[in-house]
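J.: the amino acid sequence is not available; the structure is as follows:
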């Protein structure tokens, strides 16, 4: 009963204090050991308690001569190698997947910001109403594209629709399952990436109609290239939502892990001489193997809502603010140049 109360309190406290992306100091060893935020404890602790309880039960049945259901550990030693290989391989693949997602996100955000910086730099001497209107058009399209990008890589069930056409999409602006508020509510988040990109390419081409001195061809091509880089990176990132970790490998890992872990107490108790060492050993074995599996699960979706996922909402808001600062109105540009 006390353990249940502790578990409910721990889980509630963890949920209330959850913050995206956990940062820590490598030197703070004690702090890392005692940390709760961003750890696998909330998920793995029930399994640890279950295997420890099973170990105590099997030992009690054996010692009281009620029934002896233990068996030698020889078979488990052979199976342990396969389980360890599957679990570690999955963690390694998930970690590689996570860092690939982080690299692609950096490239996408950099391309978006560079587009606004280049557009502002190429036209900063033109303070006419037409130039300010053109910069405002670019700012609006880029901001729209940034908000939709977040939806693309977070909404697993909408990814193919977002990167394709916008037909049959819900127009409620809650396409990722989250409420839309603030600046995002000004944009139609059900719009597809190709549709917004096409409009932005057209706006770039229309610089001749708004600027007093049209852009040189190489400057125009530079803006188109940055936009294409941004689009291509979005499509690369969308694969994380559309292509999960291979199911057969996940299934094999889970089957071997559960069979091995929940039959291990019967082997460890076989040669146990006292009731304390085996449950403690079982606790940490469970924490190690199940903990690594839960780490893999968390890293599989780098753009999710877990503690260790990438803070894409915060990062995108920083870029959107930069885009708005780069392509502000005439008064802002004059103030910046003075």
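T.: Cool, got the structure. Given the structure is predicted, the values throughout are model-derived calculations rather than measurements.
J.: where does this structure have low pLDDT?
T.: Judged against pLDDT under 70, the low-scoring parts of the chain cover residues 1-21, 156-186, 329-338.
J.: show me where the stretch 201-338 of the chain has strands.
T.: Counting by DSSP state E, counting those that start in this stretch, no segments of the stretch 201-338 of the chain form strands.
J.: sketch out the helices for it, chain order is fine.
T.: 207-210, 217-242, 247-268, 277-300, 312-326, 330-337 (DSSP state H, counting those that start in this stretch).
J.: minimum distance to residue 96: which of those has it?
T.: Go through those one by one with Cβ to Cβ and the one that ends up closest to residue 96 is helix 277-300, at 9.2 Å. Using the backbone N, CA and C atoms, a C-beta is placed for each residue, glycine as well.
J.: I would like the residues contacting the closest one, please.
T.: Residues lying outside helix 277-300 but in contact with it, judged by Cβ atoms under 8 Å, 6 or more residues apart in numbering, are 40, 43-44, 47-48, 51-52, 55-56, 59, 83-84, 87-88, 90-91, 93-95, 97-98, 244-245, 253-254, 257, 261, 264-265, 268-269, 272, 304, 306-309.
J.: confirm for me that residue 319 is in contact with residue 145.
T.: No. Contact between residue 319 and residue 145 fails when scored by Cβ atoms under 8 Å: they sit 10.6 Å apart.
J.: what do these two both touch?
T.: residue 112.
J.: next structured bit after the longest helix seen in the chain?
T.: Longest helix in the chain by number of residues (criterion: DSSP state H): helix 74-123. The element immediately downstream of helix 74-123 (helix or strand, assigned by DSSP states H and E) is helix 129-154.
J.: which positions in that following helix come out as buried?
T.: For helix 129-154, the neighbour count (16 or more other Cβ atoms under 10 Å) marks 131-132, 134-135, 137-154 as buried.
J.: which elements pack onto it?
T.: If you count contacts as 3 or more Cβ pairs under 8 Å, 6 or more residues apart in numbering; DSSP states H and E, helix 129-154 packs onto helix 74-123, helix 159-162, helix 193-205, helix 207-210, helix 217-242, helix 312-326, helix 330-337.
J.: cutoff 7 Å now
T.: helix 74-123, helix 159-162, helix 193-205, helix 207-210, helix 217-242, helix 312-326 (3 or more Cβ pairs under 7 Å, 6 or more residues apart in numbering; DSSP states H and E).
J.: for residue 23, find the nearest of those.
T.: The closest of the helices and strands packed on helix 129-154 to residue 23 is helix 312-326. By Cβ to Cβ, the value is 12.5 Å.
J.: how far away from the center of its chain is the closest one?
T.: Mean C-alpha position of helix 312-326 versus that of the full chain (Cα atoms, centre = their mean, to the nearest Å) differs by 18 Å.
J.: and it, what's buried?
T.: The neighbour-count criterion (16+ other Cβ under 10 Å) identifies 312, 315, 316, 317, 319, 320, 323, 324, 326 as the buried residues of helix 312-326.
J.: dump those to JSON lines, plus distance to residue 285.
T.: As requested, the buried residues of helix 312-326 are arranged in JSON lines below (distance: Cβ to Cβ, whole Å):
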{"residue": "312", "distance to residue 285": "36"}
{"residue": "315", "distance to residue 285": "38"}
{"residue": "316", "distance to residue 285": "41"}
{"residue": "317", "distance to residue 285": "43"}
{"residue": "319", "distance to residue 285": "45"}
{"residue": "320", "distance to residue 285": "47"}
{"residue": "323", "distance to residue 285": "51"}
{"residue": "324", "distance to residue 285": "53"}
{"residue": "326", "distance to residue 285": "55"}
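J.: picking up where we left off before, ok and the longest helix of the chain relative to helix 129-154, angle-wise?
T.: Relative orientation of helix 74-123 and helix 129-154, computed by axes from the mean of the first three to the mean of the last three Cα atoms, to 10 degrees: 170 degrees.
J.: any idea of the angle helix 74-123 forms with helix 247-268?
T.: With the same axes, to 10 degrees applied, the angle from helix 74-123 to helix 247-268 works out at 140 degrees.
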